[in-house]
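Pasted the sequence and its predicted model underneath.
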Amino acid sequence: MSVRVFFKSFVLCVLAFLTFCMFGCQNQIAVNRFRNKVINAIDSRCEVEQSCRINMRDVTDFEWDKMVIYCEGVFAEDLNEALGIEYRNEAVFASGIVFMNNGEIVLEDSVKCDPEGLASFGYFVATRIDSRCAVFYPQNAILSGSKSQQKNYVRYVLWVR
């Protein structure tokens, strides 16, 4: 292999890696911004150990036409059906939320299952035990938020009754 071919291959690999990192970082920034808006809304509307209503249009700063919230134990078939696409992430051991626009995912967030309940943020579907996920649209996307004081931190949960 010539030095020129090696150099071109090296440059392409570096560019691919940087592109991957850039998109990954942008998604994490968007997720953090979304979580912070949810936490701020819960802080301003909820008393500790009390629930409050959170209109998802108030905490999103991007276009979306469908939202799916799911919790641990969701079956892939149920999640795929709710989203209308084949979801590529492993959701069975996580809870999360997916926002879509025109059939494309615009923001997704998931929280790994924490059997001890120590996560500081989470999603929960309380009443739809049969599918463990729920679909909402901008006009009806009003969820419940709550916060609870733990030993060393406050735990925030966005949930469906």
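Perfect, thanks for sending it.

What is the end-to-end distance of stretch 61-79?
24 Å (CA to CA, to the nearest Å).

roughly how far out does that stretch sit from the chain middle?
8 Å (CA atoms, centre = their mean, to the nearest Å).

and it, average pLDDT?
On average, the pLDDT along stretch 61-79 is 89.

Check what pLDDT residue 98 gets.
So residue 98 comes in at 94 (pLDDT).

I should have written residue 12 there, sorry.
pLDDT, residue 12: 53.

Averaged pLDDT, stretch 103-116. What do you get?
84.

what residue lies at the spatial centre of this protein?
Centroid-nearest residue in the chain, with CA atoms, centre = their mean: residue 109, separated by 1.9 Å.

how close does it get to residue 50?
Here residue 109 is placed at a distance of 24 Å from residue 50 (CB to CB, to the nearest Å). Backbone N, C-alpha and C define where each C-beta goes, glycine included.

same thing with residue 70?
Counting by CB to CB - residue 70 and residue 50 are separated by 24 Å.

Neighbour count for these two, which is higher?
Between residue 70 and residue 50, counted using other CB atoms under 10 Å, the more crowded position is residue 70 (30 against 11).
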